[in-house]
Structure formats: C-alpha cells, structure tokens
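1. The following comprises the amino acid sequence and a computationally predicted model.
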2 protein chains.
Amino acid sequence: MIRATIYDVAREAGVSIATVSHVMNGKGKISRERREEILDIMQRLNYRPNAIASALAGKKTYTLGLLVPDISNPFFAEIARSVEDHGHQLGYSVIICSTDNQEEKVKRYVSLLRQKQVDGVIIGTGVSHGELLKPFQEHSLAIALIARDNPALGASSVRVHDLEGGRLAAEYLLRLGHRRLAVLAEHERVTSSNERVRGFVEAAASFGLGLSPEYIAACDHKIEDGFRRAKVMLELEEPPTALFCCNDMLAIGALQAIRELGLRVPEDCSVVSFDDTILARVTDPPLTVIAQPMEQMGRLAVDLVVRNLASQGEPVQRIVLPPELIIRRSTAPPPG
Amino acid sequence: MIRATIYDVAREAGVSIATVSHVMNGKGKISRERREEILDIMQRLNYRPNAIASALAGKKTYTLGLLVPDISNPFFAEIARSVEDHGHQLGYSVIICSTDNQEEKVKRYVSLLRQKQVDGVIIGTGVSHGELLKPFQEHSLAIALIARDNPALGASSVRVHDLEGGRLAAEYLLRLGHRRLAVLAEHERVTSSNERVRGFVEAAASFGLGLSPEYIAACDHKIEDGFRRAKVMLELEEPPTALFCCNDMLAIGALQAIRELGLRVPEDCSVVSFDDTILARVTDPPLTVIAQPMEQMGRLAVDLVVRNLASQGEPVQRIVLPPELIIRRSTAPPPG
DNA sequence: CTGAAAGCGCTTACAG
DNA sequence: CTGAAAGCGCTTACAG
C-alpha cells in the first residue's frame, strides 16, 4: 500500500495542492466548508504529510540532536528522558548521540547531525575546545549546553550551581562535626567537578580547615576507581571521617571501599554524593546527596534551543540552577 | 554562511550535478582524475550532502525509531546504547521514543515516525494488540521487537529465553537447599514476566515443590511496590527463605523489605533478580541475577531491521538468547 | 564516461 | 479566497 500524498488529497477535493498545503499550515484564508471538506478527505485517506518533503521545501526538520557521553549512564538517561518529553511536546524528536567523550565520535556525530539538518543540538558531552562546535555555529544552528558550560563557546547553557553544591556538601558535613574531610573528584578536565571541589574546599577553608592534596583524588567515572581511591584514603594515617564524591558512581565505589575495610556507613565514615540519579536511592544506605534538578535542566535546555531557533537574535542565556541537599542515610556525626 | 550544495561542487568542477552525485554514490564509471578532482572540491568546499534531499529523492532516511517504555529505566537505557552504537556503525541514527506503555503515546510516536519516514523501528514497548503497529506494516516498514515477542504480530524479534531464565533461578535456589520460595512478578499482562514465573514454578514443581498463590505477587515496575509485596510475604506464617524477582527494581524493593524487617541478605533470605542492569551491581549485597544479554540484544535487533530493510522478502526471525545465571552475594543456603 | 531532464512531496511568494 | 509555478537539493533512468 502506497501512502497518500498531497496530490491525492488535492485531486480528491478538486483543489490545488497549494490549497491543501494552506489548510494544513493554517495559512491564507480558506472558506470554512472547503477547509472542513479537505480535512475530512485527509482523514479518510489517512494522509500524513511527508516530513522529509516539507523540511526540504523550507520548513524545519523538527529534529534535535542530543550529544551526551553515554546514554546508558543513569544521569544522562534521566536527562535524555526529560529532553525527549519536553521536545516531543513542542513537536521535536530527538536523536541520541553517545560520544564517550571521544573527540572522534563527537566529530562524526556533529557531521551527521549537520547532514540530517537537525534544527538544534543539546550538548551534554565534554567539549574541550570549541572547534568541534564550529560547524554548528557557522550554520547558525541553535545549540544549548546542558550540565556544563563554557563561556568561550558563546552558547546558551543550563547547569546546576556546582560551586554552591560543593559548598553545601562541606557545610553540612562540618555542621555534623566532621573535621577530617576527603573528596573523590572526577578527572581534572571536567570543569563541573572542579567547581564542586572548589566549593567544597572553600567552604572548609572559611571554616579554618585545609584539605591537603592526598585527601583529594581525581578519579575516572567508574565505580572501581572510586573504590580504589577511597580505599587508599581510608588507609592513611589519619583517615577521613567523611567523603564527598563528585558523582553517584564514585560514591558507590566509596561505599564499597568503606565496607571492604570493615567500617560502617555512616557510623564510621559518612558519604555525600552528587547528582541524585536512581543509583543514589538503591544503595544501602541510600546516599545523602547534592541533587541536580535533571528534569528541569532537560526542559530548560529544550526551551533554550527552541527559542534560539525561533528568533536568531536571541541573547545567550546561561542558566544556573540551585543544587539541593537531600539528606538520606549515608551521613551522620563523626565517630567518637 | 550558507552551505555548499551539489550545484556548487558541480559548478566548481565544471561538471553536471549528476556526475557529482555519481562520485558520491560510487555509481557509474567516472574517470579516476575527475573523481579525485571532485572529491577534492567537495573537501575544499566542506560539502556535506543534504540527507533530507537525498532521502526525498529516493534514498532512505537512515533513521531508526526506538520505542521503549522509558529511556531513563536502566534496562532500556542500556538497550538503547547498544542499538545506538550498532545502528550508528551501519549508518543509522536513532530517535528515542519513551511511551510509558501508554497506548496514546505509542500512537503519537508511531504516527510521528511514519511522517519522518524512518526506515525501520525497534520496539521494546508493550504492545497489547497489534493494531498499533498496523501503520508500519501497511507501509512495509521494517520492524523488530526487542525484549518481547508476539507471534501474532508476524514480526522479527530478539529476546532472552525467559522460561529458561526462571528455571535457572529456581534450580539454583533449590540446589542451595531452599524449599520455601516466593516470587515477585510484574503485571500479568507482561508476557516476559509470565514466562519467567512459569519457568520458575515448573522447575520447582518438577522438584516436587508447589508454590501456593500467596507466594506469587504481581507488582508494578517500582521499587516501592517490590518493597511492599515482599514485606507482606515475609510476614506470612511461613515466610519464604528465597525470593525470585522478575527485574532489578523489584529486587531492590525486596532487599529493602528484608532489611526493614531486621533480616539479613543472604543469611536469612536469599534474593535472585532478573536483568542485570547496573542496579544489580550497586546494591549491598550485589544481586545474584539471571542476566539478559542486553548488548547483544540491541545489536541483533538492529541487524534484524536493517536486514529486513535491505531485502523485503526476508523471513521472520525470532531469536531467543540464553539467559545466564550470575552468582553474586545475595544468595546463600537457607538459614538453619 | 558524462549530462539533460524528470521527479521525490512539499512550501511559498505571486497573481488573479 | 484559490491556483500556477518555481524551488528546496538531491537521485536515477535514459540518451549519447
């Protein structure tokens, strides 16, 4: 069975395709009866306009690209769900692009998205140098960064206030009475992680507490790495009584390390995580965490590209959302 | 900056656009020098063929739809990653469609994918009646079911051997010495869950063990629901010494219930889960699980649609993969 | 080996 | 209020 086209509808209605197009797009003035008749016929023929043709003829593709490091990472999976939902609501579909933060893959996807003529791109993947995004900006494609920012890119962005998040974590732990703090950070080229650490260290400092370097470890984004680095710290002469972890994966590694050493969470060592993906709610104990508003971030990122796309002159907006401390059961006053 | 088109390349090379098209597609015989010259020019102009135009002119869109209940569910996020990777390798991009298993959303997405002229669709969402897929089949769109099957649909599929998985779980628990078994199932319209339960019950039966109905609970796909139902069972006169849970979410709920009652896993009660998403590895203790080969399933599903799409006459294939028992630390012999 | 031309299914000035 | 026509950027017989 071959699909009905605009020609079929026009023929059936005894009008020109221009008229059919007009009723579809609500353009021009069409007499009420004609419109309804045409609508009827479209229904009857089960007509659906070919989006490819209409894109080529000057309309948009109503497709967005979503670049993330890895869609199977719960953080980005949750972001993706929000982007998808909100995009869909506005009429856009989204193409997923997992880059593993590899420049090569980013390049391929960027080129692909350009060929597919997507209307906009939401970028959650690490982009070291702006070069990679050039192709988008050259063709004035709407872009928005999510969960990261880079003023040099001159792009709109939405992220959580990482510095503030780090600060919240430190202040909470200090308030509980902890004085021997440590942090599991991500790789030092991840700016969001750097900010979190900085916020944490600053808050400690303003409390008169310094963190010597061996209490700050740069980890890969892996449970095992969090495990290893946490273990090393806990075996120091003066082990920390609380660990601040820059994401849920690392926190899980930390949890496992603490347990492996025969210690209890939170009695012997507290853990504060960052993100609040589903992972933070399934561990034992569930993790006290600095939460990112993932749903909201996804929604706002979509708004940013779509608005940017509607009016080219839209000023660059850099939205920073407040993080939230969610106290669960991985934190308590220090032992003794 | 406006993008270069095939006309620009042709003009620059002093040839017709047909020739340029031919070198792009490796069609016809073009003299070696001409080809190279044209390739050079394309490079120089940073030319990228417009995929929209080429799709309209008779080629494919090289886009696949992926219908799942929820991309933020780790199981489907992992499937999606595999589908994306393998699709991308074959030149396809994938549009995510989270349906929440709601007929209304399925309909909308089906219509959308049709309009966007995707080449094929991979379906991991529950589809009660085949009606919803009609639009695809009528237009002989390639489809493949993933993690579910429905012979009535006449579509290719790839899934794990659920029955066998249930059996594996039961046999393992029986071998450990358990005799009081219980299961947390999904909603009874989920056929894969039904199969798992059936395999489990059959294996128990062939061991001379019957499971009375109060030891089988149908749950929603939620941690809280697993928690509630598990708790009820554990408070029965004769509480089970082992729980078989039809997915990782339910198993996590079970873990929490057991703990809440002051019991230990696995000393007082064993738990066997199903799926083996990342969740199974972050709980304490990590879950013994019947694993689905998600990576492989995603890859095969892509192969199925792409092959189906290459040659219309391709016979329907229903691939059933073996499940694997992965023993971690949530299981042990029964107490006493 | 290469090109002229028709066509894919729409949209959009423009004319009436 | 409605239609003829050009055009979007490609591909593909077909002719030479």
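-> The structure has been received and is ready for your questions. Residues are numbered from 1 along each chain as shown, chains lettered A, B, ... in the order given.
2. Pull up the gap between the residue of chain A most remote from its centre and chain B, please.
-> In chain A, the greatest distance from the average C-alpha position (Cα atoms, centre = their mean) is reached by A:Gly14, at 50.0 Å. A:Gly14 sits 25 Å away from chain B, going by Cβ to the nearest Cβ, to the nearest Å. In short, each C-beta sits where N, CA and C put it, glycine included.
3. what comes up buried for the worst-scoring helix or strand of chain A on mean pLDDT?
-> The weakest-scoring helix or strand in chain A, judged by mean pLDDT, DSSP states H and E, is helix A:134-138 (a mean of 72). Of the residues in helix A:134-138, A:Pro135, A:Phe136 count as buried by neighbour count, 16 or more other Cβ atoms under 10 Å in any protein chain shown.
4. Please apply the same query to stretch A:85-101.
-> A:85-88, A:92-99, A:101.
5. Output these as TSV; include the columns pLDDT.
-> Putting these into TSV (pLDDT from 0 to 100) gives the following:
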residue	pLDDT
A:Asp85	97
A:His86	97
A:Gly87	96
A:His88	95
A:Tyr92	96
A:Ser93	96
A:Val94	97
A:Ile95	97
A:Ile96	97
A:Cys97	97
A:Ser98	97
A:Thr99	95
A:Asn101	88
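6. which outside residues touch the least confident helix or strand of chain A?
-> A:Val110, A:Ser111, A:Leu113, A:Arg114, A:Val121, A:Ile143, A:Gly154, A:Ala155, B:Met1 (Cβ atoms under 8 Å, 6 or more residues apart in numbering or on different chains).
7. now stretch A:152-159
-> By Cβ under 8 Å, 6+ apart, the list of residues contacting stretch A:152-159 from outside reads A:123, A:127, A:130, A:133, A:137, A:143-150, A:192, A:297, A:300-301, A:304-305, A:308, A:314, A:316-321.
8. Secondary structure class of A:Ile96, three-state.
-> strand (DSSP: H, G, I helix; E, B strand; the rest coil).
9. Show me what it is bridged to.
-> A:Leu66 (DSSP bridges).
10. mind checking how far it is from A:Asp248?
-> Computed as Cβ to Cβ, to the nearest Å, the A:Ile96 to A:Asp248 distance reads 21 Å.
11. what does A:Gly336 give?
-> 29 Å.
12. now A:Leu304
-> Distance from A:Leu304 to A:Asp248, by Cβ to Cβ: 26 Å.
13. now do A:Ile122
-> Taking Cβ to Cβ, one finds A:Ile122 at 22 Å from A:Asp248.
14. ok so, going back, restrict the contacts of helix A:134-138 to contacts with DNA strand D.
-> Among the contacts of helix A:134-138, none lies close to DNA strand D by the criterion of Cβ under 7 Å from any atom of the strand.
15. Tell me which two of these sit farthest apart.
-> A:Ser111 and A:Gly154 (21.0 Å; Cβ to Cβ).
16. and A:Asp276, how many residues sit next to it?
-> Residues within reach of A:Asp276, counting by other Cβ atoms under 10 Å in any protein chain shown, total 25.
17. Which residue is the nearest non-sequential neighbour of it?
-> Using Cβ to Cβ, 6 or more residues apart in numbering or on different chains and skipping the chain neighbours, the partner closest in space to A:Asp276 is A:Ala291 (3.6 Å).
18. and the one you found, what is it in contact with?
-> Residues near A:Ala291 by Cβ under 8 Å, 6+ apart: A:Asp275, A:Asp276, A:Pro323, A:Glu324, A:Leu325, A:Ile326.
19. Quick one: those residues as JSON lines, columns for pLDDT, secondary structure and distance to DNA strand C too.
-> Shown next, in JSON lines, are these (pLDDT from 0 to 100; DSSP: H, G, I helix; E, B strand; the rest coil; distance: Cβ to the nearest atom of the strand, whole Å):
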{"residue": "A:Asp275", "pLDDT": "97", "secondary structure": "strand", "distance to DNA strand C": "42"}
{"residue": "A:Asp276", "pLDDT": "98", "secondary structure": "coil", "distance to DNA strand C": "43"}
{"residue": "A:Pro323", "pLDDT": "98", "secondary structure": "coil", "distance to DNA strand C": "42"}
{"residue": "A:Glu324", "pLDDT": "98", "secondary structure": "strand", "distance to DNA strand C": "43"}
{"residue": "A:Leu325", "pLDDT": "98", "secondary structure": "strand", "distance to DNA strand C": "49"}
{"residue": "A:Ile326", "pLDDT": "98", "secondary structure": "strand", "distance to DNA strand C": "47"}
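20. any idea which of those residues is closest to A:Pro240?
-> A:Leu325 (19.1 Å).
21. List the beta-bridge partners for the closest one.
-> Here A:Leu325, judged by DSSP bridges, has bridge partners A:Ile290.
22. shouldn't it be in contact with A:Leu168?
-> Yes: judged on Cβ atoms under 8 Å, A:Leu325 makes contact with A:Leu168 at a distance of 4.9 Å.
23. Same drill for the two, tell me which one is more crowded.
-> A:Leu168 (22 against 15).
24. Secondary structure element holding that one?
-> helix A:162-176 (DSSP states H and E).
25. And the helix or strand just after that helix, what's buried?
-> Downstream of helix A:162-176, the next assigned helix or strand under DSSP H and E is strand A:181-185. Within strand A:181-185, the residues scored as buried using 16+ other Cβ under 10 Å are A:Leu181, A:Ala182, A:Val183, A:Leu184, A:Ala185.
26. mind checking how far strand A:181-185 is from the chain centre?
-> 23 Å (Cα atoms, centre = their mean, to the nearest Å).
27. What pLDDT is listed against A:Gly130?
-> For A:Gly130, the model assigns a pLDDT of 67.
28. quick revisit: so the least confident helix or strand of chain A, near DNA strand D or not?
-> No: Helix A:134-138 lies out of reach of DNA strand D by Cβ under 7 Å from any atom of the strand, never closer than 14.5 Å.
29. after that helix comes which helix or strand?
-> strand A:142-146.
30. is that next one anywhere near chain B?
-> No: against chain B, strand A:142-146 shows no contacts by Cβ under 8 Å from any Cβ of the partner chain, the least distance being 14.9 Å.
31. what's that strand in contact with?
-> So strand A:142-146 is in contact with A:79, A:83, A:119-124, A:133, A:136-137, A:153, A:155-159, A:297-298, A:301-302, A:304-306, A:308-309, going by Cβ under 8 Å, 6+ apart.
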